[in-house]
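Trainee: Here's my sequence, what's the structure:
(chains A, B and C)
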Amino acid sequence: MKKKHYFTCIVCPVGCQIELVEEEGRIVEVIGGECKLGEEYARKEFTNPERVLTTTVQVEGGALPVLPVRTEKPISKKLIKSCMKKLAEVIVKAPIKCGEVVYANILDTGVNIIASRDLPAKEDKLLK
Amino acid sequence: MIGGGPAGLAAALKAWDEGIRDIYLIERDMELGGILPQCIHDGFGAIIFKESLTGPEYAQRYIDMLAKTEVKIKLNTMVLDITPEKKVTAVNSEDGILEIDAKAIILAMGCRERTRFQIMIPGDRPAGIFTAGTAQRFVNIEGYLPGKKIVIVGSGDVGLIMARRFILEGAKVEGVYEIMPYPGGLNRNVVQCLQDYDIPLHLSHTVVEIKGKKRVEGATVAEVDEHMKPIKGTERFVSCDTIILAIGLIPENELSKRSGIQMDDTRGGPTVNEWMETSIPGVFACGNVVHVHDLVDYVTESAETAGISAARYIKRELERREKPIKIELGRNVRYAVPQLISEKRLKGKIRFYLRVRNPERKVEIKALARQDKVFVKKFRIVRPSEMIRLEIPTENLSKAEEYCQLRFEVEGEQT
Amino acid sequence: MKNLSDEEIVQKLKTKISQDPELSKLQLKISCEDGTVCLEGEAKKWEQVVALGHFAAGVAGVHGVVNKVWPKTLPRPEKERKIKEKAPWDGMKVDVVIVGGGIVGAAIARELSRFNLKVVLVEKEADVAWGQSKGNAGWVHGLAGVDEDPKSMKAKLCVRGNAMYDKLAQELDFPFKRIGLLAIVAEEELLPLLDMVKELAKGHGVPVEMIRDREEIFRREPRITEKAVAALFFPTYGSTSPYLATIALMENAMMNGLGLLLDTEVIDVRIKNGQINGVITDRGNIFTKFLVNAAGLYADEIAEMAGAAEFTIHPRRGEMLIFDSEYSSLYSHNLAPATLKTDPYTKGGGIAISIDGNSIWGPNAEEIPYKEDTSVTKEGMKIVWEKFSPLVPSIPKDAIIAAFSGTRAATYTEDFHIAPSREVKGLINVAGIQSPGVAAAPAIAEMVLEILQKEGLRLKEKPDFNPRRKAPPSFRLLSDKEREELIARNPKYGHVICRCEHVTEGEVVEAIRRGATTVDGIKFRTRAGMGRCQGGFCGPRVVMILSRELKISPTKVTKRGPDSNLLIGETKSLLTEA
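Mentor: Numbering: from 1, shown residues only, chains lettered A, B, ... in the order given. Take a look at the predicted model:
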């Protein structure tokens, strides 16, 4: 049975509405984009949509109570919610350097969660 | 430098690079970065670094670069006044009152958020009403959640970003209500913040009343007509405990006004020339204080221009035309920056930033000197929420120099 | 004139009601005892309830109206009672209890603090002045109204109180400016009435200057509307910050011994042998023989608790618009349009020049059934804008930064009701204090003092009474040199946390030290949050400072008392909950 899925391409500001037709999970056709990138985008979004997750984790002894973190690379969109749950339990100890791994290989994706900034310990000045 | 956000940081770095050694960077917050430390999402730096960085990461790059210089940084310091003679008065706990006589000043104060009564939302005044940026600060810097059942008014980028942030932290976002028939933020955010999480976006809707004795209890929303007036009978009560207002940003120019510089009505910021210089020679402005940008990369770009120009000004290298070329706004142009071209000996390219009033497709943006078309660029689509960047080679501007005038026009089909 | 008997009053009122096509259809029970009319029954809408009350008050000889009529279709107001811990002062004995921490209660407290008395003031909100005293534009009226009876209590007390403001503001260090009111006449047809208006004003014992020379009007107010044809200048009008005045009075009273109990609500009144015996609050009992009822919107409920209902308060809401301080220097006087009145019960409002930075326009007037309703409406804001904007063409609509409303505690006689209760000894009712309550407050306090003395309260002067109170420093009002000295003494005064109003951390900490426990408390005491960004920048900083100083979690910080918390939990709390 053929099914239609719609995606708004985000590659450029035009925002083409792409229609992707699939049958039993197999892509039959992709139409609507004004350029090739739209088709590529829609295919990826249908087969394996990925996102970068950005959030904060709790900090112990830091100049700020929370630390912004990010997935080093995009991870499967389906894992975002469980990723957030996992990270809710994480407490990092200050000082932390930007890019430092605060949680390795989240949910077995091979992707690390890294710090988005330097965060000094509480006593140090927050200057740098 | 007044302001240590992305604009102030980039400007300070360039001024240093150009050889200026006596530089003060004054920042009112406890750390550098401006608004970036709380913008924990990614999408920054795609143009400058060809990477998708988070706000804090982007800020960290510049903070690290600045640390290698000897720019004097004053944190937790509020500038109270600037005089037309370029005297800056500031205050902090260690130094008390600081009075600095500057050869050049760069205004980089960013912007503030539009508030509830600026759009006159009637109703009660309970706890639980926040502008999106303030809510963002609570969540991402102080580490606290403002609510668990959220209604977002306005579909500006900050609102869309916060919609996703709230969902990720386990809150419920009931919906985003936008008065225009199109979203106020970037498409990418509509897709990745709302569609990804099934948050309904109600276009052509507004909040007509907020209810709540002590804390927000709900809001009455309604559909609006083509004049943006609520349509009777479409009212619906939405129960919630938090109202997030994402209804626009306003350049923060209270200090600018005190110094007496000329302001431009079309965007709430100072009138500037291509050096980012204001109507007072030696006073420059860059970043969101001039006009609200959607990409921080362009903030950095304009700030670097300001920094270089300030340095050149101090070194007396700026040569002015007798009469500046005035930029005029034609069809469907809401604003253009700069508004003046002052350079006597034009060379290379001049960069312009524009915003359109209405979205249009199959667009041609033209620069004209009277009737002569001196520059054209085609766009598939233009939207008010997406700033347009044009680089015009100065060879094209001889007619504009002759007439002291350059007009931008947008021609396209309505969407 | 001979006073009508109770039966005659009832008859006259019944006749009046029967002549009204709508009201005559209602099922009502009308009685009168000792000049106090009591109305009971059902109405169809709120306007009818108010009309009935006014009808009753209009009958000669009526001393007060208790109006229990309620519209069938409207739900009754809910009374939420919080369970609170018993306070350590439970059971204390005092000489006087004042109920209500508005400007009137505070003024009375200050007067009483001159004497050797144990006085306690009980206020149900988390801070003082949170009823009408902050819900107004700070007008210190020169007179109660040209069409007001000069012999009415509010007319007399207004003029008396107004005259006391210079000394009071100086002693207590709160902002006050005798700025004058310029009433602008823009309609030629009204010119013949001006002489009459001048005479009426004189009847109140108040100076008024008639200006028929247009050049003179523009000299005094260069940016006033071109349509001005004449003006009336009332030089005694003033402008103050009504909540700062309340705080100043209260602090001075406390310096001199007053006990202030915030977040404490009177839930019942104890009577023994027809005499006040004490109050029961939601935190404990206080025993006393004298109860001063200055409870504003709830004065009728307090009187009823004492079994001595003599009046009913019908709330009349007034909405106001606040303007960006950028425009405050354009005009130098309070302004009002001089027009024929359409509403007999309100003076019509005007433009109050800011004492603090922001001009406030309004109020309008709307009878509403619920005392707690301080919402602002689309219509109300529109009415205020449209009424006053023609006077001041230089001020654009986008200069509006905020809107609020205040609700007048009006009795049906529409006059102040300041008298010892006729039913219970020791109960002094200071009720129905609507506009010009701020102007009248100091004079009301004097009058209440006399009443208390007459009712048997022994007044022995304190030799060490200190009439002076110093306000905490306001960074934005100081010179650079004063700022330097202040910062040297306390570096927290060098840390500006409110960018729009230049409020420093030092001021926030001092406000907390002086009793503020909420974000609104900080706002009213320091102005942090009153600027054009409306707390966008300072909001989180104020919350964190309150959390630190009060040693409570930021999630426990409230906007204005219990149940108005700003934050619901730490960032991960919802994810770790499930």
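Trainee: how's the chain carved up into domains?
Mentor: Picked chain A for this. Annotated domains of chain A cover A:2-47, A:54-115 [automatic domain parsing].
Trainee: Actually, chain B is the one I wanted.
Mentor: Split by automatic domain parsing, chain B gives B:1-112+B:250-318, B:115-247, B:321-415.
Trainee: Output these in CSV, with mean pLDDT appended to each entry.
Mentor: Below are these laid out as CSV (pLDDT from 0 to 100):
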stretch, mean pLDDT
domain B:1-112+B:250-318, 96
domain B:115-247, 96
domain B:321-415, 93
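Trainee: export those to a markdown table and tack on mean neighbour count and distance to chain C?
Mentor: No exception for glycine: its C-beta is placed from N, CA and C like everyone else's. Below are the domains of chain B laid out as a markdown table (neighbours: other CB atoms under 10 Å in any protein chain shown; distance: least, CB to the nearest CB, whole Å):
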| stretch | mean neighbour count | distance to chain C |
| --- | --- | --- |
| domain B:1-112+B:250-318 | 21 | 4 |
| domain B:115-247 | 21 | 3 |
| domain B:321-415 | 17 | 17 |
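Trainee: Please name whichever of those is nearest to residue C:503.
Mentor: domain B:1-112+B:250-318 (10.4 Å; CB to CB).
Trainee: What residues does chain C have near chain A?
Mentor: C:570-572, C:575-576 (CB under 8 Å from any CB of the partner chain).
Trainee: Drop anything exposed from those.
Mentor: With burial judged by 16 or more other CB atoms under 10 Å in any protein chain shown, the buried subset of the residues of chain C next to chain A is C:570-572, C:575.
Trainee: For those residues, please prepare a markdown table with the additional fields secondary structure and pLDDT.
Mentor: Formatted as a markdown table, these follow (DSSP: H, G, I helix; E, B strand; the rest coil; pLDDT from 0 to 100):
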| residue | secondary structure | pLDDT |
| --- | --- | --- |
| C:570 | strand | 93 |
| C:571 | coil | 91 |
| C:572 | coil | 89 |
| C:575 | helix | 89 |
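Trainee: Out of those, which comes closest to residue B:23?
Mentor: Nearest to residue B:23 among those, with distances taken as CB to CB, is residue C:571, at 36.6 Å.
Trainee: residues in contact with that closest one?
Mentor: A:56, A:58, A:66, B:139, B:143-145, B:169 (CB atoms under 8 Å, 6 or more residues apart in numbering or on different chains).
Trainee: same check, this time on residue B:308
Mentor: Residue B:308 neighbours (CB under 8 Å, 6+ apart): B:14-15, B:18.
Trainee: For the residue of the stretch 201-350 of chain B found nearest chain A, give its distance to residue B:350.
Mentor: Closest approach between the stretch 201-350 of chain B and chain A, counting by CB to the nearest CB: residue B:294, at 10.0 Å. The gap separating residue B:294 from residue B:350 is 21 Å, by CB to CB, to the nearest Å.
Trainee: So which residues of the stretch 1-150 of chain C form strands?
Mentor: C:28-33, C:36-43, C:64-67, C:70-71, C:92-93, C:96-99, C:119-122, C:139-140 (DSSP state E, counting those that start in this stretch).
Trainee: Return the set of buried residues in the second one.
Mentor: Within strand C:36-43, the residues that qualify as buried are C:36-39, C:43, counting by 16+ other CB under 10 Å.
Trainee: What strands line up against it, and which way round?
Mentor: strand C:28-33 (antiparallel), strand C:64-67 (parallel), strand C:70-71 (parallel) (DSSP bridges).
Trainee: so which of those is the most packed in?
Mentor: strand C:64-67 (a mean of 25; mean count of other CB atoms under 10 Å in any protein chain shown).
Trainee: quick one: contacts of that strand?
Mentor: Contacts for strand C:64-67 (CB under 8 Å, 6+ apart): C:35-39, C:49, C:52-53, C:56-57, C:300, C:309-312, C:314, C:411-413, C:417.
Trainee: CA atoms of it as CSV?
Mentor: As requested, C-alpha coordinates have been extracted for strand C:64-67 and formatted as CSV (Å, rounded to 0.1, in the frame of the first residue of the first chain):
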residue,chain,number,x,y,z
GLY,C,64,-25.4,53.4,55.4
VAL,C,65,-26.5,50.6,53.0
VAL,C,66,-25.9,46.9,53.6
ASN,C,67,-26.6,45.4,50.2
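Trainee: Include mean neighbour count, mean pLDDT and distance to chain C when you put the domains of chain A into JSON lines, please.
Mentor: Converted to JSON lines, these look like this (neighbours: other CB atoms under 10 Å in any protein chain shown; pLDDT from 0 to 100; distance: least, CB to the nearest CB, whole Å):
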{"stretch": "domain A:2-47", "mean neighbour count": "16", "mean pLDDT": "86", "distance to chain C": "26"}
{"stretch": "domain A:54-115", "mean neighbour count": "18", "mean pLDDT": "95", "distance to chain C": "4"}
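Trainee: close to chain B, is stretch C:528-547?
Mentor: Yes: with CB under 8 Å from any CB as the criterion, chain B is reached by stretch C:528-547 at C:532-537, C:539-540, C:543-544.
Trainee: And the nearest residue to residue B:55 once chain neighbours are set aside, how far from residue B:59?
Mentor: Using CB to CB, 6 or more residues apart in numbering or on different chains and skipping residues adjacent in sequence, the residue nearest residue B:55 is residue B:39, 3.0 Å away. Relative to residue B:59, residue B:39 is positioned 9 Å away (CB to CB).
Trainee: Residue B:377 too?
Mentor: For residue B:377 relative to residue B:59 (CB to CB), the value is 32 Å.
Trainee: now residue C:352
Mentor: Taking CB to CB, one finds residue C:352 at 44 Å from residue B:59.
Trainee: What of residue C:113?
Mentor: Applying CB to CB to residue C:113 and residue B:59 gives a distance of 55 Å.
Trainee: Repeat that for residue B:399.
Mentor: From residue B:399 to residue B:59 the distance is 42 Å (CB to CB).
Trainee: Relative to residue B:126, how far out is the residue of the stretch 1-150 of chain C found nearest chain A?
Mentor: The stretch 1-150 of chain C approaches chain A most closely through residue C:126 (26.5 Å), counting by CB to the nearest CB. The gap separating residue C:126 from residue B:126 is 14 Å, by CB to CB.
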